[in-house]
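Peer 1: The sequence and its predicted three-dimensional model are supplied below.
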Amino acid sequence: MNGGPSSDASRVLEMVIIGAGFGGLGMAIRMLQEGRKDFLLLEKADDVGGTWRENSYPGAACDVQSHMYSFSFAPKTDWSKRYAERPEIYNYIQETTEKFGLRQYLKFNAEVVGAQFDEQNAFWTLNLKDGSVLTTKFVVLASGPLHVPQIPNYKGMEKFKGKIFHSAQWDHSYDLTGKKVASIGTGGSAIQYIPEIAPLVKQLDVYQRTPAWVIPRDERKYGNFDKALFEKVPFARQIHRARLYWSNESRVMPIFHPKIMETAQKAIELFIRYQVKGDKALAKKLTPNYVMGCKRILISNKYYPTFTRKNVDLILDSIQEFTETGIITRDGTHREADCVVLGTGFIVDPRIYMKDFPCTGLNGRELMNDWKDGAEAFYGISVAGYPNLFQLVGPNTALGHNSIIFMIEAQANYILDAIKTVEKKKADYLDVKPDVQAEFNDNVQKKLKGTVWQNGGCVSWYQQADGKNFTIWPGYTWRYWMETRKIKPSAYNFVKVKAKQA
Ligand code: N01
């Protein structure tokens, strides 16, 4: 920290934003754009970037188009490709951090381990891991839902003498060249690193529990003409962005009508067969038995062909146990491995990954207790009983079809409008009404019924253990944007502390 707003720790800040990924940085920029400088951006690591800092595995790339996967208020005109790879996105995040002068608001190695609302004084107290304490009027949780690696607990795993690491904790000091590698999982991360490491290793065994639907990726690069046009004619870039946006939105229709999706699947089944050079048996193993979209639809032109390599095996038998030198599957086969890569995803349910984060709201209520049946919020942003606390990419606001940056921008605008409304009403805090929140969530769940996200015939991380979908916004993002353009004052209680005490 270079001085900046935190110099006086005893002062109540206007806002503390937790997490310096796309969400936290976007919120911070919007605060500055509104002339609000009394905030801190806390980050548990030592750099910005969130998921794009952590996920450095070979082939890491985005499956949303570059011009959509960037802030509307921080345009980059010279994206190299339709779908950017991790280094370019990470650079964009760094450049945006500098461009908006965010460093002076950032505090690194600052992990928040607890939060309590002080009802008498209407501020939040935040406890940091190093023992320090901050007080703030508003809190924005921007820690993101995909940052705690899910590490499986197989019998005998501790015995394994080789190397094991998770895709989000890639050990770049370990050279995979010429090694026997076992890779577990076939989700968004694995389908990106598998084609990259296959040519390096001696043998790659891919353990697949459930196949993913992988559709073609648009590999086109932007030429110099496009880049110059986007630079010199901002309107041309806006039109391009709008075209990408609406083509993504058009996917919602089949999502609401799984029958339409089943028809689209036929084309992808042909794509799989073509990519594995007509090997019907292999294509069958790689073809999912659930409706496309039930799990995130992935994009790659390199994934399926990897399985035609002589040094790559696709293993469908489930893992029984680890040995000192490899993995035994249920059919009793032992396969040797020098290294095991866990492409096993993340713990997405906040009730699990936030269980050691006490968050105490009005009257001593605990967030994890209020969420015991599932995480819920109003538009994913406000939770009843937790005044002046907001979330980015909270419950039911992740997407299966478009750019999450769009949602983050809508949420940051909403939060700013909420703050302004508190000021306008000369209140000290706002708190969403419990019945409004409950009705909102009933509607979300009703809309999810019948969609591929809820009834696509798969088990996905969109759902909590009892099957309730707690992650996905069920529908068009323009609708979300329209509904969150302004806060609805009638949805909230506005409280003035002094008046209350009098
Ligand atoms: O994780 P996943 P990911 N034994 O949960 C399997 C985003 N992302 O890291 O389907 C055996 O998708 C699991 O099997 P199953 C994106 O939102 C974005 O790949 O549960 N297997 C699955 O195959 C994505 O969805 C980009 O049966 C086990 C895999 O591991 C999210 O991150 C790029 C297992 C996990 O897949 C997570 O992706 C990459 C076990 N015990 C990722 N546990 C962008 O481009 C799990 N599996 C923006």
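Peer 2: Looks like it came in fine. Numbering: from 1, shown residues only.
Peer 1: Give me the neighbour count for the residue in the chain positioned nearest to the ligand.
Peer 2: The minimum distance from the chain to the ligand, using Cβ to the nearest ligand atom, falls at Gly187 (2.0 Å). (Glycine included, C-beta is placed from N, CA and C.) By the measure other Cβ atoms under 10 Å, the count of residues near Gly187 is 20.
Peer 1: Tell me the pLDDT of it.
Peer 2: pLDDT, the model's per-residue confidence, is 97 for Gly187.
Peer 1: so who does the closest residue to it other than its chain neighbours touch?
Peer 2: The spatially closest residue to Gly187, leaving aside those adjacent along the chain, is Gly345, at 5.4 Å (Cβ to Cβ, 6 or more residues apart in numbering). By Cβ atoms under 8 Å, 6 or more residues apart in numbering, the contact list for Gly345 reads 149-150, 185, 187, 189, 461.
Peer 1: Go again with 10 Å.
Peer 2: Shown in contact with Gly345 (Cβ atoms under 10 Å, 6 or more residues apart in numbering): 146, 149-150, 152, 166-168, 185, 187-190, 461.
Peer 1: what's the answer for Leu314, then?
Peer 2: Taking Cβ under 10 Å, 6+ apart, one finds 186, 204-208, 211, 276, 282, 285-286, 306-307 in contact with Leu314.
Peer 1: Which ones among the residues you listed lie within strands?
Peer 2: Residues of these located in strands (DSSP state E): 204-207.
Peer 1: The residues you listed into TSV, with extra columns for pLDDT?
Peer 2: TSV is the format used below for those (pLDDT from 0 to 100):
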residue	pLDDT
Leu204	98
Asp205	98
Val206	98
Tyr207	98
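Peer 1: Pull out the buried members of the contacts of Leu314.
Peer 2: In the contacts of Leu314, burial by neighbour count holds for 186, 204-208, 211, 276, 282, 285-286, 306-307, counting by 16 or more other Cβ atoms under 10 Å.
Peer 1: Pipe these into a markdown table and attach distance to Gln320 per row.
Peer 2: Formatted as a markdown table, these follow (distance: Cβ to Cβ, whole Å):
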| residue | distance to Gln320 |
| --- | --- |
| Thr186 | 19 |
| Leu204 | 20 |
| Asp205 | 14 |
| Val206 | 17 |
| Tyr207 | 11 |
| Gln208 | 15 |
| Pro211 | 20 |
| Val276 | 27 |
| Leu282 | 24 |
| Lys285 | 19 |
| Leu286 | 23 |
| Thr306 | 25 |
| Phe307 | 23 |
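Peer 1: quick one: pLDDT of the residue nearest to Gly187?
Peer 2: Gly345 is assigned a pLDDT of 97 by the prediction.
Peer 1: So which bits of the protein are right by the ligand?
Peer 2: Within the chain, the residues that sit near the ligand (Cβ under 6 Å from any ligand atom) are 62-64, 146, 150, 152, 167, 184-190, 209-210, 296, 343-346, 461.
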